[in-house]
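> model this:
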Amino acid sequence: MTETAAQTRKFEAEVAQVLHLVTHSLYSHKEIFLRELVSNASDACDKLRFEALANPSLVEGDAELRIEISIDADARTLTLRDNGVGMSRDEVIENIGTIARSGTRKFLEALSGDARKDTQLIGQFGVGFYSAFIVADKVTLTTRRAGSAADAGVRWESDGTGEYTIADAADLPRGTSVTLHLKEEESEFLNAWQLRSLIGKYSDHIAFPIRMPKEAEDGKPGGEWETVNHAAALWTRPKSELKDDDYQGFYKSLAHDYNDAASWTHNRVEGSQSYTLLLFLPSKPPFDAMWSGRDERKGLKLYIRRVFIMDASEQLLPSYLRFMRGVVDSDDLPLNVSREILQDNRLVQQIRSACVKRSLDLLEKLANDDKEKFQAFVDNFGNVLKEGIAEDTANRERIAKLLRFASTKSDGAGRTVSLDDYIGRMAVGQDAIYYVSADGYAAAAGSPQIEALRARGVEVLLMFDRIDEWMLGYLHEYAGKKLRNAAKGELDLDALGGAADKEAREAANKAAEPLVAKLKELLGERVRDVRVGQRLTDSPSCLVLDEYDMALHLQRLMREAGQDVPASKPILEINPQHPLVRRIESEADAARAGDLGLLLFEQAQLLEGARLDDPAAFVRRMNALVG
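Down below sits the predicted model:
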């Protein structure tokens, strides 16, 4: 191999900080570097196999795609080589010179016309590549792009401290070779048996042969190469041959996750359409926070007869299931399928329906069989699943069955109560599922609007996640029971009380008519109405909205986000038996009565989490009344 003089360049990122994160924080086990580098090599082989469909000459007479791993104990180096697509000089600078840059993203952008529509490969050749510095104090990479001239190779080298050198190189084979100069304390990775064991643990499923030199009788590497992995896609193997460790190892490599999957489902569908599904439910949110953006989703890969075509999460799973990971391998879809066909093709719609069904089946099974794991799922992904109430009307009932909430009968803020649990505990005479929404657990649990329901032993669901109010706009009933917001509209609790309760309430309402009129006059335009309601038992007042008004805390959130929110005045409900309300009724001094009326209203506002228009005036009124 010959090469030109090396050029020294600086990385295009905060390399020291990022490398520190990668080598000390991102991975819990240093051996993960091998999985990352093997996965990158597999991606490179996948890319070449795809490109060779249109241009067979790219394989250059070396059609057997493979990954080779070798050790040089004397030089303390570990080398991984693939004969995949390789990289040009510009690609090396862009993909390796910039930390966390996806090489396959630029690969997609380089395509044009119909070819651009044919694939959407995803890759991890960025942070994953730099995991090599967990165990190496220097990394040397040589590469030549498939189809390029024999003298168009590139040599890249760095010790990971802020700079790298790059030079042209000749006489390189097609593909990429990564040589790790191991740190003194990492001698275990010079042990062939250890490497074989790690390949079996993390990369046994890789669909390309992973080869290592066959050991001679003296334990030293021989001249022959042998395959050390199954070299077959795991999902194509019979389930009877696979153990839990096989599935977990495949999941960790697929998802680049060091945690075990919570559960999985593996199915082969035969008939008019044949395909295989292998879907995983993560136990924890992934490092890349995949759900932070609904528009660019990764996690479900589409294969056509074992050829990787695209990351097809958007076509094969709805957004509310974007936490799922896995593969779909179809025998029937055409290899030149485009994104537009994927969106409209009848066969793809059938696969999508199957993916949704299997995902929900998996969640239902987990909910029934392992309460602890399912509760962890709710804590990590429950709010994402709630999006399905609005997005997937066909499965709304199934999704609602999986949701969990806090309630007035649950232990603290934990979301542990299902709608089925609630219905099973409904009070005699109760015909609705009652809930209250707020911007926090304490605010929901302490809401004055649910005092009368609590007093009658009626359970109330406590909704305090930001998505809840939006979701409830689509979830109007479940199992034939209407969902009712305890803080909206008229609340008629006569069915939950005796005739004597009704008579006493009607008498109290009649007696309070002069007081209601007085408060209406005192508060004026601040409220839509003042009335005596059935909600309160301990508090003097609360704010109530009409049935279809937006919740007050949601109005505040939208205004803070710069959204225009239609102005709506609340209704003030009072408890005529409360001493503060009685004091207003008996107060002869008009000024003091006005202060008491405003105090009654402002207390209700504070309980809703609202900001007072004039906090200083509120404090002066409070000090004057208690002084």
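> quick one: the strands in the stretch 301-450 of the chain, in order.
Using DSSP state E, counting those that start in this stretch, the strands of the stretch 301-450 of the chain run over 307-311, 325-330, 406-407, 432-437.
> need the winner for burial among those.
Among those, strand 325-330 has the highest mean neighbour count (mean count of other CB atoms under 10 Å), at a mean of 24. Every C-beta, even on glycine, is put in place using the N, C-alpha and C of the backbone.
> report the separation between residue 208 and residue 598.
The spacing between residue 208 and residue 598, counted by CB to CB, to the nearest Å, is 75 Å.
> higher neighbour count, those two?
Ranked by neighbour count (other CB atoms under 10 Å), residue 208 and residue 598 place residue 208 first, with 24 against 17.
> so the more buried one makes contact with residue 45?
Yes. Residue 208 lies in contact with residue 45 (CB atoms under 8 Å); the separation is 4.9 Å.
> which residues do these two both contact?
Taking CB atoms under 8 Å, 6 or more residues apart in numbering as the contact rule, residue 208 and residue 45 both touch 65-67, 82.
> still on that earlier bit, and the strands of the stretch 301-450 of the chain: which comes nearest residue 377?
Checking these against residue 377 by CB to CB gives strand 325-330 as the closest, at 13.4 Å.
> partner strands of the closest one and their direction?
Note on strand 325-330: by DSSP bridges, its sheet partners are strand 275-282 (antiparallel), strand 300-304 (parallel).
> rank those by pLDDT, which is bottom?
Per-stretch mean pLDDT for those is lowest at strand 300-304 (a mean of 82).
> next one: that strand to chain centre, how far?
Computed by CA atoms, centre = their mean, to the nearest Å, the chain-centroid distance of strand 300-304 equals 20 Å.
> could I get the full set of strands for the stretch 451-600 of the chain?
Counting by DSSP E, counting those that start in this stretch, the strands of the stretch 451-600 of the chain are 461-463, 477-478, 481-485, 529-532, 541-544, 571-574.
> tell me the mean pLDDT for the last one?
Strand 571-574 shows a mean pLDDT of 92 in the predicted model.
> please identify the pairing partners of that strand and their relative orientation?
strand 529-532 (parallel), strand 541-544 (antiparallel).
> show residues contacting the last one.
So the one you mean is strand 541-544. 447-449, 487-489, 533, 535-536, 552, 570-575, 578, 581, 600-601, 603-605, 607-608.
> okay, now the residue nearest to residue 174 when sequence neighbours are not counted: neighbour count?
The shortest distance from residue 174 to any non-neighbouring residue, by CB to CB, 6 or more residues apart in numbering, is to residue 146 (5.2 Å). Residues near residue 146, counting by other CB under 10 Å, number 22.
> for residue 146, phi and psi?
phi -60, psi 130 (degrees, to the nearest 10).
> quick check: mean pLDDT across stretch 131-150?
93.
> how's the chain carved up into domains?
7-231, 239-369, 405-487, 497-626 (automatic domain parsing).
> need the ones you listed in a markdown table with distance to residue 379, can you?
As requested, the domains of the chain are exported to a markdown table (distance: least, CB to CB, whole Å):
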| stretch | distance to residue 379 |
| --- | --- |
| domain 7-231 | 20 |
| domain 239-369 | 10 |
| domain 405-487 | 7 |
| domain 497-626 | 22 |
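> out of the ones you listed, which comes closest to residue 392?
domain 239-369 (5.8 Å).
> and that closest one, how far apart are its ends?
Using CA to CA, to the nearest Å, one end of domain 239-369 lies 21 Å from the other.
> can you redo the strands paired with strand 325-330 as CSV with distance to residue 229 and mean neighbour count?
Output for the strands paired with strand 325-330, formatted as CSV (distance: least, CB to CB, whole Å; neighbours: other CB atoms under 10 Å):
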stretch, distance to residue 229, mean neighbour count
strand 275-282, 17, 24
strand 300-304, 18, 23
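> could you point out which of these sits nearest residue 196?
Once these are compared by CB to CB, strand 275-282 is nearest, at 24.8 Å.
> what are the contacting residues of that closest one?
234-236, 247, 250-251, 254-255, 257, 259, 261-269, 300, 323-332, 351, 354-355, 358-359, 362-363, 366, 377, 380.
> quickly note the distance from the spatially closest residue to residue 538 that is not a sequence neighbour to residue 67.
Using CB to CB, 6+ apart and skipping residues adjacent in sequence, the residue nearest residue 538 is residue 451, 5.5 Å away. Here residue 451 is placed at a distance of 67 Å from residue 67 (CB to CB).
> same thing with residue 488?
Residue 488 is 62 Å from residue 67, by CB to CB.
> so which of these two has more stuff around it?
When residue 488 and residue 67 are compared for neighbours, residue 67 comes out ahead with 29 against 18, by other CB under 10 Å.
> for the more buried one, what are its contacts?
By CB under 8 Å, 6+ apart, the contact list for residue 67 reads 38, 41-42, 45, 80-82, 206, 208-211.
> format those as CSV; extra columns: secondary structure and distance to residue 424.
Shown next, in CSV, are the contacts of residue 67 (DSSP: H, G, I helix; E, B strand; the rest coil; distance: CB to CB, whole Å):
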residue, secondary structure, distance to residue 424
38, helix, 51
41, helix, 54
42, helix, 50
45, helix, 54
80, strand, 57
81, strand, 62
82, strand, 57
206, coil, 49
208, coil, 53
209, coil, 56
210, strand, 53
211, strand, 59
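> name the member of these with the most neighbours.
Most neighbours among the contacts of residue 67, by other CB under 10 Å: residue 41, with 29 neighbours.
> for the closest residue to that one other than its chain neighbours, list each beta-bridge partner.
Counting by CB to CB, 6+ apart, residue 41 lies nearest to residue 82, which is 3.7 Å off, once chain neighbours are set aside. Per DSSP bridges, the residues bridged to residue 82 are residue 67, residue 176.
> show me where the stretch 1-150 of the chain has strands.
Using DSSP E, counting those that start in this stretch, the strands of the stretch 1-150 of the chain run over 7-10, 67-72, 77-82, 136-144.
> quick one: closest of those to residue 523.
Each of the strands of the stretch 1-150 of the chain has some distance to residue 523 by CB to CB; the shortest is strand 7-10, at 66.7 Å.
> next one: the closest one to chain centre, how far?
38 Å.
> ditto for stretch 159-171
The answer for stretch 159-171 is 37 Å, by CA atoms, centre = their mean.
> helices along the stretch 501-627 of the chain, start to end?
Assigned by DSSP state H, counting those that start in this stretch, the helices in the stretch 501-627 of the chain fall at 513-523, 552-560, 579-586, 590-607, 615-626.
> same check on the stretch 251-400 of the chain?
313-316, 339-344, 346-369, 371-391, 396-402.
> just name the most buried of those helices.
Comparing the helices of the stretch 251-400 of the chain by mean neighbour count (mean count of other CB under 10 Å), helix 313-316 comes out on top with a mean of 24.
> now do that helix, average pLDDT.
Here the average pLDDT along helix 313-316 is 80.
> follow-up on the earlier one: ok, which of the helices of the stretch 501-627 of the chain comes nearest residue 192?
Closest among the helices of the stretch 501-627 of the chain, using CB to CB: helix 552-560, at 58.7 Å.
> list the contacts for residue 373?
Counting by CB under 8 Å, 6+ apart, residue 373 has contacts 262-263, 283, 366.
> how deep is residue 482 tucked in, by neighbour count?
Counted with other CB under 10 Å, residue 482 comes out at 11.
> can you put the strands paired with strand 571-574 in CSV and add distance to residue 155 and mean neighbour count?
Conversion of the strands paired with strand 571-574 to CSV gives the following (distance: least, CB to CB, whole Å; neighbours: other CB under 10 Å):
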stretch, distance to residue 155, mean neighbour count
strand 529-532, 79, 19
strand 541-544, 71, 24
